[in-house]
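> Model the structure of this input:
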Amino acid sequence: MKARTTEWSERRQHKNTMPRKKKQLILTQPVKEGLKAIKVRLDARTVVTLASKKALEFWRQRYPALEVIG
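Numbers count the residues shown, from 1 in each chain. You can find the predicted model right below:
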């Protein structure tokens, strides 16, 4: 009987450890200085951030109905 109680107390020690701190989620992209980002909606649920006019023209060829939103 004594061996069983020590086994139980050893298992119990592992349960009393503190949980790890949760990482905070980053929900937006960091803003880079000196870079003008162009936000474009390709279709109803796809939004792409572009860095140049050249990239905008590339995406306009693939998605003629794209909409610039910012």
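
> From here on, just use CA atoms for contacts and neighbour counts.
OK.

> At which residues are the helices of the protein located?
2-15, 53-62 (DSSP state H).

> any idea which of these scores lowest on pLDDT?
With a mean of 57, helix 2-15 has the lowest mean pLDDT of the helices of the chain.

> How many residues are close by residue 70?
Residue 70 has 10 neighbours, counted by other Cα atoms under 10 Å.

> got the contact list for it?
37, 38, 39, 40 (Cα atoms under 8 Å, 6 or more residues apart in numbering).

> Please pick the buried ones from those.
Among the contacts of residue 70, those classed as buried by 16 or more other Cα atoms under 10 Å are 38, 39, 40.

> beta partners of the first one?
According to DSSP bridges, the partner residues bridging residue 38 are residue 50.

> pretty sure it is in contact with residue 49, am I right?
Yes: Residue 38 lies in contact with residue 49 (Cα atoms under 8 Å); the separation is 5.6 Å.

> pretty sure residue 52 contacts residue 37?
Yes: the pair residue 52 / residue 37 is scored as a contact, 7.5 Å apart, by Cα under 8 Å.

> Report how many residues lie close to the residue nearest to residue 41 when sequence neighbours are not counted.
The shortest distance from residue 41 to any non-neighbouring residue, by Cα to Cα, 6 or more residues apart in numbering, is to residue 47 (4.4 Å). Residue 47 has 15 neighbouring residues, counting by other Cα under 10 Å.
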